[in-house]
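>>> the amino acid sequence is not available; the structure is as follows:
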């Protein structure tokens with residue numbers, strides 16, 4: 001009989017593990033996001049990963065790629081249709097309405113950080129489980145908020161170490177002026193339908209504005225001569241956009257008015273923007289983006305309430321950090337290694353470990369390894385300053401051997417003096433190292 005092969009499990013396609021050596025990059029992003037959020041008076045919100053499917057269908061658009069192709073949808077045991085969240089803004093707005101945040105002083109400033117899910121084609125910097133942080137300011141329609149939200153996004157990136165970016169801005173109008181622009185756009189595109197890719201031929205019926213964002217070469221040639229939304233804004237939208245640009249000029253933020261920038265979600269109005277890596281001339285891997293969503297709260301059953309926000313992909317940010325060789329904090333190296341021989345020594349070592357840890361001393365150990373030579377080899381690899389050795393005799397005598405890995409000498413001390421002696425020796429080693437420098 002042939003033996004059955006053992007199952008070899010791997011991460012699901014488009015998902016991956018973030019290993020310990022990667023974590024310093026992610027930690028830096030999280031710390032910077034928290035710091036900037038505090039500086040700009042944003043409060044953290046954590047929303048559920050699972051939300052009703054309708055939340056995204058109603059806000060993102062039934063004909064958007066996200067809803068039609070990319071959402072992870074399923075039914076609960078009770079028959080409710082739910083989805084893994086593909087983005088953060090609808091969830092934040094749902095929480096804003098559900099928790100009565102309208103009564104709070106405007107704008108209500110919220111930020112989030114966490115995983116999102118889209119069944120998209122995996123590629124560099126893009127995964128099916130991906131991570132984003134986002135900032136939302138809900139309750140004010142003044143374009144000064146648009147400028148500040150852009151300033152906030154750029155501040156986060158520059159604080160992380162990504163200061164060279166390209167800001168793309170556009171205005172896609174509102175309910176008053178966008179219908180007329182859509183008619184002009186559709187009229188122009190219908191005459192050139194045969195030159196569009198298959199996806200854009202479908203979008204011509206469902207979401208013509210989205211065609212302007214297509215990266216297919218055959219479509220970009222058509223788009224180059226297409227009508228531009230900024231040329232067809234109503235007086236209110238034109239005034240809003242003009243003031244935003246004046247604010248960006250005041251802040252000395254360099255920008256490019258990109259008439260083809262529309263973002264792929266139905267809820268955006270007026271301001272839209274993206275932040276590209278400096279060497280990305282077409283925004284194929286935009287670090288993030290956002291815009292204004294003045295009708296979104298109302299669309300979800302709340303009172304008419306304007307809002308503006310952005311989201312940035314952490315996966316892409318981490319890739320950019322690596323490309324730029326951004327310095328990140330190293331995980332603190334252990335100062336002491338705890339070696340033990342025999343069951344009694346292992347048991348007593350637990351309390352030694354606890355005492356040193358409480359005193360703020362980083363300790364490595366190898367519980368379960370019985371071979372002292374192997375343990376000392378590991379201590380050498382870790383580059384610790386001191387090794388504490390406890391065998392059967394030391395366990396019975398309530399003592400421990402302290403071996404100085406720098407000087408090579410060792411001595412025996414009683415357990416009640418371990419923490420004090422280790423502190424003293426570490427301070428001496430540190431002082432001697434400074435003198436040598």
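Nice, thanks for sending it over. Predicted model, so just to flag it, every value in this text is computed and none were measured.
>>> could you use CA atoms for every contact and neighbour count after this?
OK.
>>> quick one, what contacts residue 247?
Residues near residue 247 by C-alpha atoms under 8 Å, 6 or more residues apart in numbering: 144, 147.
>>> check what pLDDT it gets.
What the model reports as pLDDT for residue 247 is 97.
>>> wasn't it part of a strand?
No: counting by DSSP: H, G, I helix; E, B strand; the rest coil, residue 247 falls outside a strand, being helix.
>>> helix or strand next in line after the helix or strand residue 276 falls within, which one?
Using DSSP states H and E, residue 276 sits within strand 269-277. Using DSSP H and E, the next helix or strand after strand 269-277 towards the C-terminus is strand 288-292.
>>> what are the pairing partners of that next one, and which direction each?
strand 269-277 (antiparallel), strand 307-313 (antiparallel) (DSSP bridges).
>>> rounded mean pLDDT for the strand holding residue 276, please.
Averaged across strand 269-277, pLDDT comes to 95.
>>> looking at this protein, which helix or strand does the model trust least?
helix 65 (a mean of 71; mean pLDDT, DSSP states H and E).
>>> packing partners for the helix or strand that it is followed by?
Next helix or strand after helix 65 toward the C-terminus (DSSP H and E): strand 72-75. For strand 72-75, the elements it packs on are strand 81-84, judged by 3 or more C-alpha pairs under 8 Å, 6 or more residues apart in numbering; DSSP states H and E.
>>> 10 Å instead?
Packing partners of strand 72-75 (3 or more C-alpha pairs under 10 Å, 6 or more residues apart in numbering; DSSP states H and E): strand 50-52, helix 53-60, strand 81-84.
>>> residues contacting it, please?
50-53, 66-67, 80-86, 117-119, 128 (C-alpha atoms under 10 Å, 6 or more residues apart in numbering).
>>> and with 6 Å instead?
81-84 (C-alpha atoms under 6 Å, 6 or more residues apart in numbering).
>>> can you put these in CSV and add distance to residue 339 and pLDDT?
Output for the contacts of strand 72-75, formatted as CSV (distance: C-alpha to C-alpha, whole Å; pLDDT from 0 to 100):
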residue, distance to residue 339, pLDDT
81, 55, 95
82, 52, 96
83, 50, 95
84, 47, 96
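>>> ok, of those residues, which come out buried?
82-84 (16 or more other C-alpha atoms under 10 Å).
>>> how about the strands in the stretch 51-200 of the chain?
Secondary structure of the stretch 51-200 of the chain (DSSP state E, counting those that start in this stretch): strands at 72-75, 81-84, 108-117, 129-138, 165-171.
>>> so which elements touch the third one?
This means strand 108-117. strand 43-44, strand 129-138 (3 or more C-alpha pairs under 6 Å, 6 or more residues apart in numbering; DSSP states H and E).
>>> ok so, going back, in CSV: the strands of the stretch 51-200 of the chain, plus distance to residue 374.
What follows is the strands of the stretch 51-200 of the chain, written out as CSV (distance: least, C-alpha to C-alpha, whole Å):
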stretch, distance to residue 374
strand 72-75, 48
strand 81-84, 47
strand 108-117, 40
strand 129-138, 40
strand 165-171, 50
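>>> tell me the span between the first and last residue of stretch 385-403.
9 Å (C-alpha to C-alpha, to the nearest Å).
>>> wait, I meant stretch 48-67
End-to-end for stretch 48-67, by C-alpha to C-alpha: 18 Å.
>>> can you give the contact residues for it?
Contacts for stretch 48-67 (C-alpha under 6 Å, 6+ apart): 81-85, 265-267.
>>> roughly how far apart are residue 262 and residue 117?
Counting by C-alpha to C-alpha - residue 262 and residue 117 are separated by 22 Å.
>>> these two - which one has more neighbours?
Between residue 262 and residue 117, residue 262 has the larger neighbour count (other C-alpha atoms under 10 Å), namely 27 against 21.
>>> and that one, what are its phi and psi?
phi -130, psi -20 (degrees, to the nearest 10).
>>> check the one 5 residues further on too.
Backbone torsions of residue 267, given as degrees, to the nearest 10, read phi -80, psi -10.
>>> what do you get for residue 389?
Backbone geometry at residue 389, expressed as degrees, to the nearest 10, gives phi -120, psi 130.
>>> near it, how many other residues are there?
22.
>>> go on, residue 253?
As a burial measure, residue 253 scores 15 neighbours (other C-alpha under 10 Å).
>>> sec struct for it, please.
Residue 253 is classified as coil under three-state DSSP.
>>> same thing with residue 417?
helix.
>>> what ranges do the helices span in the stretch 301-437 of the chain?
Assignment of helices within the stretch 301-437 of the chain using DSSP state H, counting those that start in this stretch yields the ranges 314-323, 343-358, 372-382, 392-397, 418-436.
>>> and the ones you listed, which is most packed in?
helix 314-323 (a mean of 18; mean count of other C-alpha atoms under 10 Å).
>>> domains in this protein, as residue ranges please.
20-177+233-323, 336-426 (automatic domain parsing).
>>> the last one spans what distance, first to last residue?
Going back to what we said before, that points to domain 336-426. First-to-last distance for domain 336-426 - C-alpha to C-alpha - comes to 9 Å.
>>> where's that domain relative to the chain centroid, distance-wise?
Relative to its parent chain, domain 336-426 has a centroid offset of 40 Å by C-alpha atoms, centre = their mean, to the nearest Å.
>>> now the longest one
Here the centre of mass of C-alpha atoms in domain 20-177+233-323, compared against the chain's by C-alpha atoms, centre = their mean, lies 12 Å away.
>>> how long is that domain end to end?
Domain 20-177+233-323: ends 19 Å apart by C-alpha to C-alpha.
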